[in-house]
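[1] The following block contains a protein sequence and its predicted model.
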Amino acid sequence: MQVTDPRERSGDLYVSESSAPLPPDDFAEAAESEAVTAGWVVTAFAFDDDGRVLLIEQPWADGWICPGGALKPDESLAEGATRELREETGVNIDPIAPRGVDEFSFVNEETGETIGWTLVVFEAVAESAELGDDLGLDGEEITDARWFDGLPDDVYNPDLFEPVYERCENSR
């Protein structure tokens, strides 16, 4: 996979590192996940013509989150963000630019070993505000998708997504 790290091109990115401890059995399961295997995950704040932002709700997330997922082989970051938003919400987007990067890792509670991925958050413009009939692909549990006038109070991982959202807002 040939990915151009946005940190090499843009000086206006919010850059962070985050981690989560896992017990050994959960760590072994996470090591085989699509995100860890790919090494790159993309999401996007998609804005409609009215300036609203599209977010989804998933049972594992503690709050609303940007649609996104693991990069496929031979996909650029922008292509991955476009595909993921279309798969999860039915909305086609035009990615504008990366606005945030997070180095995420799981830490094995027993051994200290780490695994993870690089998360890239894009700013994007939605071609239409119409949501698709089916949220996500088979096996993905997306319980809701909505357009918001701003970030809701219960946004997932606010330490990352609030400053990245602000960068998107400031660029508009």
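    Nice, thanks for sending it over. Numbering: from 1, shown residues only.

[2] drop to CA atoms for contacts and neighbour counts, all remaining ones
    Noted.

[3] Helices of the chain, residue ranges please.
    For the chain, the helices defined by DSSP state H cover 24-31, 34-38, 77-89, 158-171.

[4] out of these, nearest to N108?
    helix 24-31 (5.7 Å; C-alpha to C-alpha).

[5] Show the end-to-end separation of stretch 51-69, please.
    The first residue of stretch 51-69 is 23 Å away from its last residue (C-alpha to C-alpha, to the nearest Å).

[6] and what of stretch 126-139?
    25 Å.

[7] Now it: average pLDDT?
    Across stretch 126-139, the average pLDDT comes to 85.

[8] The nearest residue to A78 once chain neighbours are set aside pairs with what?
    Residue nearest to A78 in three dimensions, not counting chain neighbours: P95, with 6.0 Å by C-alpha to C-alpha, 6 or more residues apart in numbering. Going by DSSP bridges, P95 is paired in beta bridges with A124.

[9] follow-up on the earlier one: please identify the deepest-packed of the helices of the chain.
    Stretch with highest mean neighbour count among these: helix 77-89 (a mean of 24; mean count of other C-alpha atoms under 10 Å).

[10] So what's the gap between it and the chain middle?
    Averaging C-alpha positions (C-alpha atoms, centre = their mean, to the nearest Å) puts helix 77-89 10 Å from its chain's average.

[11] Packing partners of it?
    strand 40-47, strand 68-70, strand 93-108, strand 114-126 (3 or more C-alpha pairs under 8 Å, 6 or more residues apart in numbering; DSSP states H and E).

[12] ok, the spatially most central residue of the chain to T114 distance?
    With distances taken as C-alpha atoms, centre = their mean, the residue of the chain nearest its centroid is T43 (2.7 Å). Relative to T114, T43 is positioned 22 Å away (C-alpha to C-alpha).

[13] show me what contacts the residue nearest to the centre of the chain?
    66-69, 81, 84-85, 119-122 (C-alpha atoms under 8 Å, 6 or more residues apart in numbering).

[14] Narrow those to just the buried residues.
    Neighbour counting with 16 or more other C-alpha atoms under 10 Å marks 66-69, 81, 84-85, 119-122 as buried within these.

[15] on that earlier part again, out of the helices of the chain, which gets nearest to E109?
    Here helix 24-31 is closest among the helices of the chain (C-alpha to C-alpha), at 6.6 Å.

[16] contacting residues around the closest one?
    Contacts for helix 24-31 (C-alpha under 8 Å, 6+ apart): 36-37, 106-110, 115-116.

[17] can you do 10 Å?
    21-22, 36-37, 106-116 (C-alpha atoms under 10 Å, 6 or more residues apart in numbering).

[18] For E75, state which of these is nearest.
    T37 (14.4 Å).
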